[in-house]
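**Student:** Output the structure for:
(chains A and B)
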Amino acid sequence: DAGITQSPRHKVTETGTPVTLRCHQTENHRYMYWYRQDPGHGLRLIHYSYGVKDTDKGEVSDGYSVSRSKTEDFLLTLESATSSQTSVYFCAISEGMDGYTFGSGTRLTVV
Amino acid sequence: QKEVEQDPGPLSVPEGAIVSLNCTYSNSAFQYFMWYRQYSRKGPELLMYTYSSGNKEDGRFTAQVDKSSKYISLFIRDSQPSDSATYLCAMSGGGGTASKLTFGTGTRLQVTL
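**Tutor:** Model (predicted):
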């Protein structure tokens, strides 16, 4: 997706290990978001950021932390991965109310 | 009860049919309404964006918002196999940090030849 990239695209990790997912944008958008997508639940907000070092929790933030030290990068960390965190993770960016642009997603499997 | 309800489908229609996709919501503060299309193993992409009540048309797509009924719709005319995807409704209450979107669970659409 133009202007926003997620890495890695796929990851398999073991229960109890820390995992960091990266979102990088080249659009200089103020807002960045992390969502997870699961069957039957749709997209659920984990954390979001409204500026460098300004972050807040979403509806499913337990077990996750985020950091934004630069406008272009928003990191999502699973402090100690659990099987319930197996999901597809999407990063999104926006500038005010112009709608979101999503990344291609990271498919995470916790075994 | 979820803030945004959307029938998960799947919905299967023949090519050329008119498709109607719908969402209901409970939060009367929602003012911005969007439809996203998501192809398999891809990220959602913005399809239609409407502010407050009314209709908006873009090619074969028409979005309708009825705030009095808390009901939004997406119509697809002359549906094509390339329209086969999951359609997500999304809505928000306003600007600033309130620009967070709340999504429906998505409706899977299959357009057959």
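
**Student:** Residues contacting stretch B:45-57, please?
**Tutor:** A:1, A:98-102, B:31-38, B:58, B:61-68, B:72, B:74, B:87 (Cβ atoms under 8 Å, 6 or more residues apart in numbering or on different chains). Where you see a C-beta, it was placed from the backbone N, CA and C, and this is true even at glycine.

**Student:** Show the contacting residues for A:Gly105.
**Tutor:** A:Gln6, A:Arg9, A:Gln37, A:Val88, A:Tyr89, A:Phe90, B:Arg41, B:Lys42, B:Gly43.

**Student:** Need the residues that contact stretch B:4-22.
**Tutor:** By Cβ under 8 Å, 6+ apart, the surrounding residues in contact with stretch B:4-22 are A:40, A:42, B:23-26, B:35, B:71-81, B:83, B:87-91, B:102-113.

**Student:** give me the beta-bridge partners of B:Gln38?
**Tutor:** Beta bridges link B:Gln38 to B:Thr86, judged by DSSP bridges.

**Student:** what's near enough to touch it?
**Tutor:** B:Gln38 touches B:Pro44, B:Glu45, B:Ala85, B:Thr86, B:Tyr87, B:Leu88, B:Gly106, counting by Cβ under 8 Å, 6+ apart.

**Student:** need the contact list for the fifth one.
**Tutor:** I take that to be B:Tyr87. By Cβ under 8 Å, 6+ apart, the contact set of B:Tyr87 is B:Leu21, B:Trp35, B:Tyr36, B:Arg37, B:Gln38, B:Leu47, B:Leu74, B:Gly106, B:Thr107, B:Leu109.

**Student:** are any of those residues buried, and which?
**Tutor:** The neighbour count (16 or more other Cβ atoms under 10 Å in any protein chain shown) marks B:Leu21, B:Trp35, B:Tyr36, B:Arg37, B:Gln38, B:Leu47, B:Leu74, B:Gly106, B:Thr107, B:Leu109 as buried among the contacts of B:Tyr87.

**Student:** All good on my end, thank you.
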